[in-house]
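*Asks:* A structural model of the following input is requested.
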Amino acid sequence: MRLDDFDPNAIKVDDQRGSGMSIGGAGGKIGCGSIVIAAIAYFVFGADPMSTLSTINGAQSSGPVATSGGTNVSESCRVDALSKESCDALASLNKTWAPLFAQANIKFADPTLHFYSRMGRSGCGTAQSAMGPFYCPEDQGIYLDTEFYKQMDQELGATGQFARDYVIAHEYGHHVQNLTGLSDQIRSAQQQNPDRANDLSVRLELQADCYAGVWAAKNRDRLEPGDMESGLNAAHQIGDDVLTKGRAPESAFTHGSAAQRMQWLKKGLDTGNEDACDTFADLRT
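*Replies:* I've put the predicted structure just below:
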């Protein structure tokens with residue numbers, strides 16, 4: 001995907017890389033799907049779920065982080081090619097979504113892209129690389145350890161720049177849900193109907209996939225040959241059934257099957273219409 005170079009004055013970036021962080025003692029509140037993330041870490045990366053959870057809770061500590069970060073947006077976004085790629089995608093996402101919010105007369109706020117290496121801190125508690133990229137509604141932040149992209153390529157078979165752009169765009173989709181108030185509504189519904197919690201989580205995730213497709217469609221002139229295939233392959237490779245290698249029942253899915261994720265990403269790509277991303281429509285009929 002041929003994206004413009006980021007404008008350092010038009011994006012928000014925080015860089016925790018090279019901070020030498022060692023997590024111990026109080027690790028902050030557990031949340032943002034950490035139990036699910038721990039299970040996924042087990043199936044994808046071979047990490048023990050309980051070990052992952054105890055690390056998130058601050059019961060274990062990490063050594064110094066060697067990766068160097070930047071002291072300002074320009075430096076942080078140019079630490080390496082993957083950092084710049086992420087910042088370029090963030091800038092494009094801001095440019096795409098801000099006018100849509102203005103048209104809908106909904107207040108818009110840019111998210112902050114937080115780079116970290118191995119471990120970091122977020123408004124939702126401790127960030128750990130095994131969690132993969134995630135969005136924290138508490139501080140409107142997208143958290144990313146760029147090493148995840150190498151794991152996507154080498155361990156998941158999700159290759160190509162657009163596969164990586166799709167990851168950022170998906171997390172941005174959660175930001176859109178947060179700003180519109182949908183995330184709060186779903187969390188409330190999950191608390192009131194615990195038996196539906198996983199189903200509602202899946203619908204949120206699939207909508208974020210669709211929103212990622214909408215962003216790409218609205219920037220169709222920037223797409224290159226193979227981009228759509230790269231994105232759809234990534235959506236397939238991170239489906240719950242593929243990640244768990246069939247070991248988890250569909251009732252335990254929280255992000256959707258490979259087929260569902262591909263379906264909703266493609267719907268966004270095909271329509272370019274955010275209104276087509278209503279994964280909750282059948283619940284209202």
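
*Asks:* looking at this, Asp14 is in a strand?
*Replies:* Yes - under DSSP: H, G, I helix; E, B strand; the rest coil, Asp14 sits within a strand.

*Asks:* So it sits against Thr112, correct?
*Replies:* Yes - contact status for Asp14 versus Thr112: in contact at 5.5 Å, counting by C-beta atoms under 8 Å. Placement of C-beta: from N, CA and C, glycine included.

*Asks:* and the host helix or strand of Tyr166, what does it pack onto?
*Replies:* For Tyr166, the host element (DSSP states H and E) is helix 161-180. Secondary-structure packing of helix 161-180 (3 or more C-beta pairs under 8 Å, 6 or more residues apart in numbering; DSSP states H and E): helix 81-103, strand 134-136, strand 141-144, helix 147-151, helix 182-192, helix 197-218, helix 227-237.

*Asks:* which one of these lies closest to Ser68?
*Replies:* helix 81-103 (11.1 Å; C-beta to C-beta).

*Asks:* now the angle from the closest one to helix 197-218?
*Replies:* In terms of direction (axes from the mean of the first three to the mean of the last three C-alpha atoms, to 10 degrees), helix 81-103 departs from helix 197-218 by 90 degrees.

*Asks:* residues of helix 81-103 that come out buried?
*Replies:* 82-97 (16 or more other C-beta atoms under 10 Å).

*Asks:* Could I get the CA-only coordinates of it as CSV?
*Replies:* Provided in CSV are the C-alpha atoms of helix 81-103 (Å, rounded to 0.1, in the frame of the first residue of the first chain):
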residue,chain,number,x,y,z
ALA,A,81,11.1,0.5,8.6
LEU,A,82,8.3,-1.2,10.6
SER,A,83,7.9,1.9,12.9
LYS,A,84,7.6,4.2,9.9
GLU,A,85,5.2,1.9,8.2
SER,A,86,3.0,2.0,11.3
CYS,A,87,3.1,5.7,11.6
ASP,A,88,2.3,6.2,7.9
ALA,A,89,-0.8,3.9,8.4
LEU,A,90,-1.8,5.8,11.5
ALA,A,91,-1.7,9.1,9.7
SER,A,92,-3.8,7.7,6.8
LEU,A,93,-6.3,6.3,9.3
ASN,A,94,-6.7,9.7,11.0
LYS,A,95,-7.2,11.4,7.6
THR,A,96,-9.8,8.9,6.6
TRP,A,97,-11.9,8.6,9.8
ALA,A,98,-11.9,12.2,11.1
PRO,A,99,-14.1,13.5,8.2
LEU,A,100,-16.5,10.7,8.6
PHE,A,101,-17.0,11.6,12.3
ALA,A,102,-17.4,15.2,11.3
GLN,A,103,-20.1,14.3,8.8
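
*Asks:* what angle sits between it and helix 161-180?
*Replies:* Going by the same axes, to 10 degrees, helix 81-103 makes 40 degrees with helix 161-180.

*Asks:* For helix 81-103, give me every contacting residue.
*Replies:* By C-beta atoms under 8 Å, 6 or more residues apart in numbering, the surrounding residues in contact with helix 81-103 are 1, 3-7, 10-11, 13, 73, 76-78, 107-108, 110-111, 113, 115, 142, 144, 146, 149, 161, 164-165, 168-169, 172, 176, 179, 215, 218-219, 222, 274.

*Asks:* how about Gly120, phi and psi?
*Replies:* phi -160, psi -170 (degrees, to the nearest 10).

*Asks:* so what's it up against?
*Replies:* Counting by C-beta under 8 Å, 6+ apart, Gly120 has contacts 16, 19, 21, 114, 126-127, 143, 145.
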